[in-house]
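Chemist: Need coordinates for the below:
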Amino acid sequence: MATLTHDRQVATARRTHAGLAFAVLAAASFGMSGALASGLLDTGWSPAALVLCRIGVGAIALAGPAVVALRGRWHLLRSNAGLLLAFGLVAVAGCQFAYFNAVERLPVAIAILVEYAAPVAVVCWLWARHGQAPTRLTMAGAAVAVAGLMLVLDVFSVGSIDGIGVLWALGGMIGCAFFFVVSAGEDNGLPPIVLAAGGLVVGSVALGLAGVVGMVDMSAGSGDAAYNGHTVPWWLAVLALGVITAAVSYVSGILASRALGARLASFVALFEVLFSVVFAWLLLGQLPSAVQLVGGVLLLGGVIVLRAGEPEWG
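Modeler: Sure, this is the predicted structure:
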């Protein structure tokens, strides 16, 4: 009996460590998207066109592996058609569409801060729906992590706030929280790569239709993208945007959510903001401030405390 208990503890520890590794990979790959997109936006690309290319290329990259992962179990797609549709519309296309509308009306730091209130929404949902009340240590870690996030984003230096923009940002927050809650579910039988591929396909179709009917601008440029004094062909930047910041990020994010649970995975995902600052420095030459560095340390400490407060992993 003691041997079985030890084996379970070892398996749980390995699953947790793997989940944390996937969560950091997802945060890093998601965090690269802003810096990569910046080089293309300067050449005439519209945000919506970049998002469509990003998730479209990601869908193409995952199509083959997803078919292999299904192993002929096409009934999984039929039985989970509603889930895949909701995931693609809310967590992929809807989340990004809402975010881009938010940044048109709000300072970017405020838009990101509101969207990254998603972990709080996840905690509230799990508490209300499943009775999973957070521990005091979890709450303390969350507070420290959010304080660090505010410093990284330097939200105290922004100006006035637009109410409509906040509503759009809240829509992005709902889409982000929806991603973690749905990704953590394993009862549907969908392999993570199939869920990611299905969501990207649905999101691509939805955003493409929005472009066709004129809801969003689909302008595209053809000039080289510049990164920190170096230029690369536009297609190479688009390829990296799709493969790294869509295909890799969505699969690793789903794997992290299934290993860690929606609550912990959503808080580790806050590192995406920190990685965004790092990649802005590496690719765009935008040096982080001392306040941002202090915020990054607080963010890391908060997530460590929060992980210690999670009873399922403690």
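Chemist: I'd like to know how many residues surround the closest residue to Q132 other than its chain neighbours.
Modeler: Counting by Cβ to Cβ, 6 or more residues apart in numbering, Q132 lies nearest to L126, which is 4.2 Å off, once chain neighbours are set aside. From N, CA and C alone the C-beta is placed, and that goes for glycine too. By other Cβ atoms under 10 Å, the residues close to L126 number 20.
Chemist: can you check A63 too?
Modeler: Count around A63 with other Cβ under 10 Å applied: 15.
Chemist: ok, so what distance separates it from N228?
Modeler: From A63 across to N228, the span is 33 Å (Cβ to Cβ, to the nearest Å).
Chemist: what's the answer for L264, then?
Modeler: Taking Cβ to Cβ, one finds L264 at 34 Å from N228.
Chemist: Compare those two (neighbour count), which wins?
Modeler: More crowded of L264 and N228, by other Cβ under 10 Å: L264, with 29 against 13.
Chemist: and the more buried one, what element?
Modeler: helix 262-268 (DSSP states H and E).
Chemist: Run through the strands of this structure in chain order.
Modeler: Ranges of strands within the chain are 225-227, 230-232, based on DSSP state E.
Chemist: And the contacts of stretch 83-99?
Modeler: 48, 51, 55, 77, 111, 115, 168-169, 171-172, 174-176, 178-179, 182, 188, 190, 195, 198-207, 210, 216, 250 (Cβ atoms under 8 Å, 6 or more residues apart in numbering).
Chemist: Tell me where the longest helix sits in this protein.
Modeler: When the chain is scanned for its longest helix (criterion: DSSP state H), the result is helix 2-41.
Chemist: same question for that one, mean pLDDT?
Modeler: Average pLDDT, helix 2-41: 76.
Chemist: Could you do stretch 83-93 as well?
Modeler: Rounded mean pLDDT across stretch 83-93 is 92.
Chemist: And for A59, nearest residue in space, chain neighbours not counted?
Modeler: Closest to A59 by Cβ to Cβ, 6+ apart is L200, at 3.8 Å.
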